[in-house]
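> next comes the sequence, and after it the predicted model I'd like to discuss.
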Amino acid sequence: MLHLLLIIALLLPSQCFPAELPVVKLLAGGKELKAEIARTPSQMETGLMGRRVLGEGEGMLFLFEAPEQAALYMKETYIPLSCAFIDSGGVILEIRDMEPMDETPVTSASSRVRFALEANRGWFERNNIGPGMPVRTEKGDLLSLF
């Protein structure tokens, strides 16, 4: 039986078994969000691919090595998401909605993006969180995650 499971695991795409990613508690507008951290190119490319559910108050935080004009896509992502593009100081620059399974890149207007935070679509709006508001970890600023 173990052999059969191993063979199945080798044949299935890796996103069917999401890797255990570190989780950080974020604070935005007085609201908590537990976010998995995507730091490596592979983790960032995979993102939330293959996931069917994202709990309320959960998300994924992408860490970019340097400020850039960020672009994210929804390849093989079934969950409707909103994405906050955040600068090095932890300030939200803009929030964009993203469509499930849409491979068209959603590109930030700014080239100062250091972090991108994905949450269930409408989470930011439901929690009155918008551009100009800070996002930080429970222990300090977002740059401390590096």
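Alright, I've got the coordinates.
> residues contacting the residue nearest in space to the middle of the chain?
For the chain, the residue nearest the mean C-alpha position is residue 60 (2.8 Å; CA atoms, centre = their mean). Contacts of residue 60 were listed using CB atoms under 8 Å, 6 or more residues apart in numbering, and they are 21, 35, 36, 37, 38, 47, 48, 117, 118. Heads up, the C-betas are built off the backbone N, CA and C, glycines and all.
> just residue 139 next, same as before
So residue 139 contacts nothing (CB under 8 Å, 6+ apart).
> quick one: pLDDT of it?
On pLDDT, residue 139 comes in at 92.
> helices along this protein, start to end?
2-11, 41-46, 123-126 (DSSP state H).
> where among these is average confidence lowest?
helix 2-11 (a mean of 36).
> quick one: low-confidence parts of the chain?
Scanning the chain for pLDDT under 70 picks out 1-19.
> ranges for the strands of it?
Assigned by DSSP state E, the chain shows strands spanning 23-28, 31-38, 58-68, 71-72, 81-86, 92-98, 106-107, 113-120, 135-137.
> for those, which one sits closest to residue 127?
strand 31-38 (4.5 Å; CB to CB).
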